[in-house]
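Asks: Below: sequence and its predicted model.
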Amino acid sequence: MNIVVLVKLVPDLVEELSIDASGIKLDDSWLRLIINEFDDHAIEQAILLKEQSDAQVTIIAPDIEGVDDVLFTASAKGADRLIKLTGIDEGEINNHALGRAVANEIKDLQPDLLLTGVQANDDLDGPVGPLLAEFLGLPYVGYISGVKVDNNKVVARKEYPGGLIAEMEVTLPAALGIQAAEQPPRYVAVSKVRQTMKTATIEEKSVSELDPSGSLSISKMYQPEVGERATMIDGDEEEITAQLIELFQELGVM
């Protein structure tokens, strides 16, 4: 089985984010990027499938600062092939453009199974998984928390609101949006990653043109304005009740 996993880096929300002078994007002069959490689970699920079969795992990612460490870490976990898409301006890329660029490369890889994280914190114009599946003409199922291979099909464990779980049989080739791997992403020691850097190779594929059509057009970004603070109502039960009734009447809900 040929498995391809698309990963991308996203802003670390632990850090304080700021908007640059243009007012339409984040200030990336010091922005810290980390692997998207759900993409990390997609890598883990791919490695688990490899351990259960004779699958080959290819990791593909856009060339953004810090991506080499992500790719070498994936290799240390067990990935077989690493591909980096160059010629991408991280300040201009969006999911529609990324999906089209990756689709052109994935067509040559002819994967049986394509895995992506189900979503990311910078998905302003739709998760990349469904977009990529559309560009490739593949069936897509998202919010997956487990995958089992059954000949030319996979059985995907899908989560629904309310704690409902369904098992869906999907004919390959197919694309899946991973919410959680069957086990947490494995830890790899820094020493092992450094050792991998000496032996693993990152292939570079140039992206000649990016097509962002269909995406959102951002006209302005701004920090949320501070609104009025909460008003504390004092008094005994009768006084508080009377104040609430008066407030509800002023608001027109009573």
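Replies: Ah, there it is.
Asks: Every contact and neighbour count from this point should use C-alpha atoms.
Replies: OK.
Asks: Can you get me a residue count around A76?
Replies: When neighbours are counted by other Cα atoms under 10 Å, A76 registers 22.
Asks: Give the buried residues for whichever strand or helix holds it.
Replies: Here A76 sits within helix 67-77, counting by DSSP states H and E. Within helix 67-77, the residues that count as buried by 16 or more other Cα atoms under 10 Å are 67-68, 70-77.
Asks: How far does the helix or strand hosting V154 sit from its chain's centre?
Replies: Using DSSP H and E, V154 maps to strand 153-160. Its chain's C-alpha centre and that of strand 153-160 lie 18 Å apart, by Cα atoms, centre = their mean, to the nearest Å.
Asks: What mean pLDDT does that strand get?
Replies: Strand 153-160 carries an average pLDDT of 92.
Asks: who's in contact with the helix holding A76?
Replies: Here helix 67-77 makes contact (Cα atoms under 8 Å, 6 or more residues apart in numbering) with 8-9, 35, 43, 47, 59, 61, 81-82, 186, 188, 192-193, 196-197, 200, 202.
Asks: same check, this time on stretch 36-46
Replies: Stretch 36-46 is contacted from outside by 3, 5-10, 57, 59, 74, 115-121, 146-147, 177-186, using Cα under 8 Å, 6+ apart.
Asks: same thing with stretch 51-61?
Replies: Stretch 51-61 is contacted by residues 1-8, 43, 46-47, 49-50, 67, 71, 74, 78-85 when judged by Cα under 8 Å, 6+ apart.
Asks: Next: stretch 171-187.
Replies: 38-45, 77, 111-119, 129-130, 133, 138-147, 152-154.
Asks: Now name the helix or strand holding A101.
Replies: Using DSSP H and E, A101 falls in helix 95-109.
Asks: For that helix, list every residue counted as buried.
Replies: Result for helix 95-109 [16+ other Cα under 10 Å]: buried residues 95-103, 105-106.
Asks: Next, the angle strand 153-160 makes with whichever strand in the chain runs longest.
Replies: For the chain, the longest strand by residue count, based on DSSP state E, is strand 140-150. Comparing the axes of strand 140-150 and strand 153-160 via axes from the mean of the first three to the mean of the last three Cα atoms, to 10 degrees yields an angle of 130 degrees.
Asks: Run the chain-centre distance for strand 140-150.
Replies: The answer for strand 140-150 is 16 Å, by Cα atoms, centre = their mean.
Asks: repeat for stretch 37-55
Replies: So, by Cα atoms, centre = their mean, the centroid of stretch 37-55 is 15 Å from its chain's centroid.
Asks: How about stretch 121-129?
Replies: 7 Å.
Asks: Run through who's touching it.
Replies: Under Cα under 8 Å, 6+ apart, the answer for stretch 121-129 is 10-11, 36, 94-96, 98-99, 115-120, 140, 175-177, 215-216.
Asks: how does it look with 7 Å?
Replies: 10, 95, 99, 116, 118-119, 177, 215-216 (Cα atoms under 7 Å, 6 or more residues apart in numbering).
Asks: Now which of these would you call buried?
Replies: For these, a burial check counting by 16+ other Cα under 10 Å picks out 10, 95, 99, 116, 118-119, 177.
Asks: so which strand or helix has L176?
Replies: Counting by DSSP H and E, L176 is part of strand 174-178.
Asks: hey, C-alpha coordinates of that strand in CSV?
Replies: Provided in CSV are the C-alpha atoms of strand 174-178 (Å, rounded to 0.1, in the frame of the first residue of the first chain):
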residue,chain,number,x,y,z
ALA,A,174,-9.4,7.5,-0.9
ALA,A,175,-8.6,10.5,1.3
LEU,A,176,-9.2,10.6,5.0
GLY,A,177,-9.1,13.5,7.4
ILE,A,178,-7.6,12.3,10.7
